[in-house]
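> below: sequence and its predicted model.
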Amino acid sequence: MAGIVTIDDPDDPRLHDYTGLTDVELRRRREPAEGLFIAEGEKVIRRAGEAGYAMRSMLLSAKWVDTMRDIIDAAPAPVYVVDPALAEKVTGYHVHRGALASMQRKPPTPAADLLTTARRVVVMESVNDHTNIGAIFRSAAALGMDAVLLSPDCADPLYRRSVKVSMGAVFSVPYARLDTWPAGLATVGEAGFTLLALTPDERAEPLDAVAPHRMDRVALMLGAEGSGLSRRALAASDTWVRIPMSHGVDSLNVGAAAAVAFYAVTAGRPSA
């Protein structure tokens, strides 16, 4: 155990990992470059540790020390205890959950490695909203998807908001980025996956009619909120599929659509 340190200076360099957490552009650049991400709240911090991510440090308000005592005792990382007002000054927002941890990222996983064992894969194109990323990962974990592949311009699954919305599910579902887009989809097809492009286009086949749960290997493609999959991504797919709508509703948001589609893909799936 590295020990508990009380800090009362918001400019203390030991708090560097936690500065400016609300500055999205800054954190997008800093966190991958410095090899860290921020876990917020007791449950998420615990799940990050259980998933094998090494802790760099923790930032707690005093009332959370007893709750986190077992993690503090086991962690070979410093624990910084600060007043809530100081935490807000450092991070840029009121840390109502009272506990933050800076975690070390793992080396990126090559997409080809995931495809060797996965059978039900999510492929996201240009999904750059962190809330949607987190919601999709949570549904993917809950509904039994095996892995997630991201286009180069998708948002970071380990960004604080994504991790928080997913309730730590980003630690449960392995993911990788495709280096090129949409050319990287060829690798998915070559690994034996049927590429299903989810789109509200009326030319698409109803998802249940395609019976994806009976397919040996399925890669379900999702596009960004509003714009959906690009023409190039649609052209690279094997089949366009849609979720039938009623009552004049033309589509669901990408998070809700993902959950419905994941159930269709995994329901009744053969055992591994």
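Cool, got the structure.
> low-confidence regions, this structure specifically.
By pLDDT under 70, the low-scoring segments of the chain are 1-2, 268-272.
> for it, which segments count as helices?
For the chain, the helices defined by DSSP state H cover 24-34, 42-50, 69-74, 84-91, 111-115, 130-142, 160-166, 185-190, 207-210, 231-236, 254-266.
> got TSV for these, with mean neighbour count and distance to Arg177 too?
Every C-beta, even on glycine, is put in place using the N, C-alpha and C of the backbone. Below are those laid out as TSV (neighbours: other C-beta atoms under 10 Å; distance: least, C-beta to C-beta, whole Å):
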stretch	mean neighbour count	distance to Arg177
helix 24-34	14	11
helix 42-50	19	20
helix 69-74	13	30
helix 84-91	18	27
helix 111-115	17	7
helix 130-142	23	13
helix 160-166	23	14
helix 185-190	18	12
helix 207-210	16	26
helix 231-236	16	15
helix 254-266	21	18
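> tell me which of those helices sits nearest to Ser172.
Ser172 lies closest, by C-beta to C-beta, to one member of the helices of the chain: helix 130-142, at 4.5 Å.
> the closest one to helix 254-266, inter-axis angle?
Angle, helix 130-142 to helix 254-266, by axes from the mean of the first three to the mean of the last three C-alpha atoms, to 10 degrees: 20 degrees.
> between the helices of the chain, which one is nearest to Ser151?
Closest to Ser151 of the helices of the chain is helix 231-236 (C-beta to C-beta; 8.1 Å).
> elements contacting the closest one?
helix 185-190, strand 194-198 (3 or more C-beta pairs under 8 Å, 6 or more residues apart in numbering; DSSP states H and E).
> one more time with 7 Å, if that's ok
Counting contacts by 3 or more C-beta pairs under 7 Å, 6 or more residues apart in numbering; DSSP states H and E, helix 231-236 packs against strand 194-198.
> can you give the strand pairings for the strand it packs on, parallel or anti for each?
Paired with strand 194-198 in the same sheet, following DSSP bridges, are strand 218-222 (parallel), strand 239-242 (parallel).
> winner for burial among those?
Greatest average neighbour count among these goes to strand 218-222 (a mean of 27), per mean count of other C-beta atoms under 10 Å.
> can you give me every residue that contacts the residue most central in space within the chain?
In the chain, the C-alpha closest to the average C-alpha coordinate belongs to Pro157, at a distance of 3.2 Å (C-alpha atoms, centre = their mean). If you count contacts by C-beta atoms under 7 Å, 6 or more residues apart in numbering, Pro157 has them with Ile133, Phe137, Val170, Tyr175.
> can you pick out the most distant pair from those residues?
The distance between the two most remote of the contacts of Pro157 (C-beta to C-beta) is 9.9 Å, for Ile133 and Tyr175.
> closest to Thr6 out of the helices of the chain?
Among the helices of the chain, helix 84-91 sits nearest to Thr6 (C-beta to C-beta), with 10.3 Å.
> got the CA positions of the closest one in CSV?
Extracted C-alpha coordinates of helix 84-91, given in CSV (Å, rounded to 0.1, in the frame of the first residue of the first chain):
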residue,chain,number,x,y,z
PRO,A,84,-15.0,18.3,-2.1
ALA,A,85,-14.6,22.0,-3.0
LEU,A,86,-10.9,21.4,-3.9
ALA,A,87,-11.9,18.3,-6.0
GLU,A,88,-14.4,20.5,-7.9
LYS,A,89,-11.7,23.1,-8.5
VAL,A,90,-9.3,20.5,-9.8
THR,A,91,-11.7,18.4,-12.0
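> rewinding a little: look up the closest residue to the residue nearest to the centre of the chain, ignoring the ones flanking it.
Once flanking residues are discounted, Pro157 sits nearest to Val170: 4.5 Å by C-beta to C-beta, 6 or more residues apart in numbering.
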